[in-house]
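Visitor: build the 3D model from these lines:
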Amino acid sequence: MIFLRNKSGFTLIEVIVVMAIISIMTGIMVPLLYRVWESNDEDLTRNRMLDLKTAMIGDSRLFQNGIRTHFGYAGDMGSLPPQGTLEDLRDDPGSVSNWKGPYLPSGFDSANFNKDAWGRDINYSVTATDGDGRKYEATLSSNGVDGVAGNSDDIVIPIIATDVLPISTVQGNVTISFPSNQSNRYVGIVAAYRNGSGSLITETCCDSSHLVSGTTGSTLSQYFTCTLPKKLPLGMVVLTPKLYDTAVCTTSVMGTTISLAAIISNTSLFVNLQLQ
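Guide: Here you go, the predicted model:
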């Protein structure tokens, strides 16, 4: 009588085939997994850099009652932080006034907020400064996974001029109540704003294209437009209208008891002012 035995296990050819399949799948999957890990590191770095940018210039998406409410470091100082000093977003530098930080998101990692996913410092470079030392353009960058600058894996976040110093031209309407006779006068605007170190300074501009006249007790609504010698920074400025005797706004003939706190948040500003 002949008995047939059941086979168990795999033949050598089957083992070789399975190993070949596993090798092929490994060759496909490992690079994919590595790319996923690399992508996660890039996303972490980019998000951290975007948090730093928001800390500097605020979040333009945050509004209350139709008014932007978040302006970051630049909104308090009138300038970006000094070259290479991201720590000013976390710690009071002591050398400026009006610092109201920390400006970083709630719950930020105090030890790593200025580092990329590979543990290297995020590069912060100021690329433009005006005559008053106000820093208004910069870049945040990481050298990427290879740590070498100038390669395709670099991550760069720019901060442009209009992010920090949006406007220089003020326009709008001013309602003038004349306490005395005035003729051939010019509307001027005195703007008080932060100078880059957190201190308030003022600049004046004059609308030389419109002459204004009025008699005692009369009221006039006048359109005006004028360009300040220096650009207004992001955040809050105080605008005060005045009447001047010449088109260069040197001597004020009428002051005002009414000033307006205006929010500078984009590249245009239209205001309604009152002068008396």
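
Visitor: okay, domains of the chain per the record?
Guide: Following automatic domain parsing, the chain resolves into domains at 42-162, 167-275.

Visitor: which among those is found nearest to Val15?
Guide: domain 42-162 (37.5 Å; CB to CB). Where you see a C-beta, it was placed from the backbone N, CA and C, and this is true even at glycine.

Visitor: redo the domains of the chain as CSV? Include mean pLDDT.
Guide: Shown next, in CSV, are these (pLDDT from 0 to 100):
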stretch, mean pLDDT
domain 42-162, 91
domain 167-275, 90
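
Visitor: for Met19, which of the ones you listed is the nearest?
Guide: Minimum separation from Met19 across these (CB to CB) falls at domain 42-162, 31.5 Å.

Visitor: could you dump the domains of the chain to a markdown table with mean neighbour count and distance to Ile24?
Guide: A markdown table is the format used below for the domains of the chain (neighbours: other CB atoms under 10 Å; distance: least, CB to CB, whole Å):
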| stretch | mean neighbour count | distance to Ile24 |
| --- | --- | --- |
| domain 42-162 | 17 | 26 |
| domain 167-275 | 17 | 56 |
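
Visitor: mind checking the SS state of Ala261?
Guide: Put simply, Ala261 is strand when judged by DSSP: H, G, I helix; E, B strand; the rest coil.

Visitor: tell me the contacts of it?
Guide: By CB atoms under 8 Å, 6 or more residues apart in numbering, the residues touching Ala261 are Met236, Val237, Val238, Leu239.

Visitor: tell me where this protein has strands.
Guide: Listed in chain order, the strands of the chain (DSSP state E) span 63-64, 67-68, 123-129, 135-142, 155-159, 167-177, 182-194, 200-206, 212-214, 219-232, 235-244, 252-254, 260-264, 270-275.

Visitor: right, and the ones you listed - which one's nearest Asp92?
Guide: Across the strands of the chain, Asp92 has its closest neighbour in strand 182-194 (16.0 Å, CB to CB).

Visitor: name the helices or strands packed onto the closest one?
Guide: strand 167-177, strand 200-206, strand 212-214, strand 219-232, strand 235-244, strand 252-254 (3 or more CB pairs under 8 Å, 6 or more residues apart in numbering; DSSP states H and E).

Visitor: of all the ones you listed, which lies closest to Leu44?
Guide: Nearest of those (CB to CB): strand 235-244, 29.7 Å.

Visitor: that closest one pairs with which strands?
Guide: strand 182-194 (antiparallel), strand 252-254 (antiparallel), strand 260-264 (antiparallel) (DSSP bridges).
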